[in-house]
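Undergrad: starting from these lines, generate the structure:
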Amino acid sequence: MEKISSDLKFVLICTIVFFILTLFNILHHEMWRDELEAWMIVRDAVSIQALIENLQYQGHTMLWHLILYPVTKITRNPAAMQMSHLLIATLTAFVFLKFAPFSRLLKVLFIFGYFPFFEFASISRNYAIGILLLFIFCACFGRDFKSRNYIILSLVLLLMCQCNALSTVLAIALAATVFLEPVLVRDFSVYKSRQFYVSVLIFLAGLILSIVQMIPPADSLVYKPKLIPFDMSGKVVDQISALWNVFFPVPRIELTFWGSNFITYLPLKEYTVSALRFVASLWLLLLTTGIIFRKKIPAFYYIAAIAGVTAFSYIFYEGYLRHKAHYYFAFISALWISAYYRNEEFKSRFFNRFFSFFEKTKSYFLFVVLSLGVIAGLIANSLDYRYPFSACKAAAAFIKQNNLQNMHIAGHMDYTSSGVSAYLDKPFYYPISDRTGTFTVWNSKRSEKTDVLKAIKKYRDSVKADVLLVFNDPPKMNKILQYRLIPVTKIMQSTVRDENFFLYLMRYEKEPV
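TA: Numbers count the residues shown, from 1 in each chain. Okay, here's the model as predicted:
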């Protein structure tokens, strides 16, 4: 009882510390457009059907949006979304601390690492809920596949499919592992269970529902698959090289730190740094696979997950560090599952010794990776405190302070200025899609070839009033003179590179009688 009490005390203390520190980080984080996009999509939906319609061009499944739906009916303040995300991130830390089969030191290092403590905690997106469900699955997985509750596992996988595309990829890898485990261990008794096949149907229903939600309309401008891109070899190299940034995500100490990596501090030419990153990533792939390779069930899952994330990135959307993070969580979850199995011996002594070498490095490797993750998390949260993550909030505050919020406002680019719209809780006119709204609609009506100022002038004449322009890039001087734009202010110092803003007035001039 004393041991149980001590373990619970450790879990609760660490969870509370995580909650308090993450709350502090969130309160000092300026949300950027992708966070606010989800809020506006839900806030502006008067019904679930309207929510489905709002989501159709986003390429996302809707579990995160369904969680936010009742929240938006209580308040229109987007800070409520951050509090909801805080609870999800904290629950993720609790589940990991309580159930993960690692030492206390490694558990603490993990939850305060870059991804759990910054990327999927301070930044409110739909990725954190997927990781929470991944850990719940691992906790429910268990050692004996004959006594598992396959219904619960399939329900968790169903929900994972409703989080986002990459969570769906991990869910597919887990489902394949569960389904094929009897084949891999040559014990087919579970295939005689009705519960097993009911669980398969539950998962397939979740997967189909996920795919239906993610398939974009015919006139969508994004998420078009490309099986053979122009730079095929370069893209393969980029996918492999991403492993370095994922396992060692320590950023540069600068304003635009997000997504950067400390390896670029090396006084070497760019192609040399890229070559080093590629070689190091190949080694990481070999090392992480070798650590669990003699446990064929988790090894199968890890290889399937790596292949799935790589294929998705290659075909559909290359993504950024937050997307590549699923390589990292695939490894952590594979290690978690591997605790349920014993090493298997190969007939070849060479192979046994070869993989034994990697297994002996596991503790040291984890300590180094997780320790550097803590350093990365501390740097990222400190820089997020030091610098505005986005200028959206400051731009909206300036507009309110100067009583400009009741004016007609035009935003360009639409996807950058939409964050200002969210903070103002006010629709903008978006000239490149010739529409008034809040979130971005990625359909064929949107054209970046639009003569933006000409379209805004036409809009100004239709509303017969002055228009405030919120641009993320200043117009050329000849355009400023041509349309008699009056500079108002510029709001700089944004970590997100394209979310600095330049404000102008376009006066309405009545036509002479």
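Undergrad: residue 68 is in contact with residue 82, isn't it?
TA: No. The criterion here is C-beta atoms under 8 Å, and residue 68 misses it with residue 82 at 10.9 Å. Glycine gets a C-beta too; all of them are placed from N, C-alpha and C.
Undergrad: more neighbours, the two?
TA: Between residue 68 and residue 82, counted using other C-beta atoms under 10 Å, the more crowded position is residue 68 (25 against 21).
Undergrad: OK, contacts around the more buried one?
TA: Shown in contact with residue 68 (C-beta atoms under 8 Å, 6 or more residues apart in numbering): 38-39, 42, 81, 84.
Undergrad: could you do residue 136 as well?
TA: Neighbour list for residue 136: 95, 156 [criterion: C-beta under 8 Å, 6+ apart].
Undergrad: element containing it?
TA: Assigned by DSSP states H and E, residue 136 belongs to helix 127-141.
Undergrad: now that helix: buried residues?
TA: Using 16 or more other C-beta atoms under 10 Å as the test for burial, helix 127-141 gives 127-139, 141.
Undergrad: check the offset of it from the chain's centre.
TA: Offset of helix 127-141 from its chain centre (C-alpha atoms, centre = their mean, to the nearest Å): 15 Å.
Undergrad: by contact count, what packs against the helix or strand following it?
TA: Downstream of helix 127-141, the next assigned helix or strand under DSSP H and E is helix 150-161. Where contact means 3 or more C-beta pairs under 8 Å, 6 or more residues apart in numbering; DSSP states H and E, helix 150-161 is packed against helix 127-141, helix 165-185, helix 194-214.
Undergrad: now stretch 436-452: how far from the chain's centre is it?
TA: 24 Å.
Undergrad: restricting to C-alpha, output it in PDB.
TA: Provided in PDB are the C-alpha atoms of stretch 436-452 (Å, rounded to 0.1, in the frame of the first residue of the first chain):
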ATOM      1  CA  THR A 436     -16.700  38.500 -46.300                       C
ATOM      2  CA  GLY A 437     -16.100  35.900 -43.500                       C
ATOM      3  CA  THR A 438     -13.800  34.800 -40.800                       C
ATOM      4  CA  PHE A 439     -11.900  31.500 -41.400                       C
ATOM      5  CA  THR A 440     -10.300  30.700 -44.800                       C
ATOM      6  CA  VAL A 441     -12.200  28.700 -47.400                       C
ATOM      7  CA  TRP A 442      -9.700  26.900 -49.500                       C
ATOM      8  CA  ASN A 443     -11.800  26.500 -52.700                       C
ATOM      9  CA  SER A 444     -11.400  27.400 -56.400                       C
ATOM     10  CA  LYS A 445     -13.000  30.800 -55.800                       C
ATOM     11  CA  ARG A 446      -9.800  31.800 -54.000                       C
ATOM     12  CA  SER A 447      -7.200  33.200 -56.400                       C
ATOM     13  CA  GLU A 448      -3.900  34.700 -55.300                       C
ATOM     14  CA  LYS A 449      -3.600  36.300 -58.800                       C
ATOM     15  CA  THR A 450      -6.400  38.800 -57.800                       C
ATOM     16  CA  ASP A 451      -5.600  42.500 -58.000                       C
ATOM     17  CA  VAL A 452      -6.100  42.900 -54.300                       C
END
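Undergrad: wait, residue 219 sits on residue 444?
TA: Yes. Shown here, residue 219 and residue 444 form a contact pair, counting by C-beta under 8 Å, at 4.1 Å.
Undergrad: which parts of the stretch 301-450 of the chain are helices?
TA: Secondary structure of the stretch 301-450 of the chain (DSSP state H, counting those that start in this stretch): helices located at 321-338, 349-360, 362-386, 392-401, 414-424.
Undergrad: mean pLDDT lowest where, among those?
TA: The minimum mean pLDDT among the helices of the stretch 301-450 of the chain belongs to helix 349-360 (a mean of 88).
Undergrad: mind listing the residues bridging to the nearest residue to residue 490 once chain neighbours are set aside?
TA: The spatial neighbour of residue 490 that comes closest, neighbours along the chain excluded (C-beta to C-beta, 6 or more residues apart in numbering), is residue 502 at 4.8 Å. Note on residue 502: beta-bridge partners by DSSP bridges are residue 471, residue 490.
Undergrad: wait, what's in contact with residue 502?
TA: Residue 502 neighbours (C-beta under 8 Å, 6+ apart): 469-474, 487, 489-491.
Undergrad: export the contacts of residue 68 as a markdown table, with columns for distance to residue 239, pLDDT and neighbour count.
TA: As requested, the contacts of residue 68 are arranged in a markdown table below (distance: C-beta to C-beta, whole Å; pLDDT from 0 to 100; neighbours: other C-beta atoms under 10 Å):
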| residue | distance to residue 239 | pLDDT | neighbour count |
| --- | --- | --- | --- |
| 38 | 27 | 96 | 24 |
| 39 | 31 | 97 | 26 |
| 42 | 33 | 97 | 25 |
| 81 | 32 | 97 | 24 |
| 84 | 33 | 97 | 17 |
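Undergrad: make CSV out of the residues you listed and add secondary structure and distance to residue 480.
TA: Formatted as CSV, the contacts of residue 68 follow (DSSP: H, G, I helix; E, B strand; the rest coil; distance: C-beta to C-beta, whole Å):
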residue, secondary structure, distance to residue 480
38, helix, 34
39, helix, 33
42, helix, 37
81, helix, 36
84, helix, 42
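Undergrad: would CSV of those with distance to residue 49 be doable?
TA: CSV is the format used below for the contacts of residue 68 (distance: C-beta to C-beta, whole Å):
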residue, distance to residue 49
38, 18
39, 19
42, 13
81, 22
84, 22
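Undergrad: out of those, the closest to residue 403 would be?
TA: residue 39 (24.6 Å; C-beta to C-beta).
Undergrad: my read: residue 92 touches residue 116, true?
TA: Yes. Using C-beta under 8 Å, residue 92 makes contact with residue 116 at a distance of 6.7 Å.
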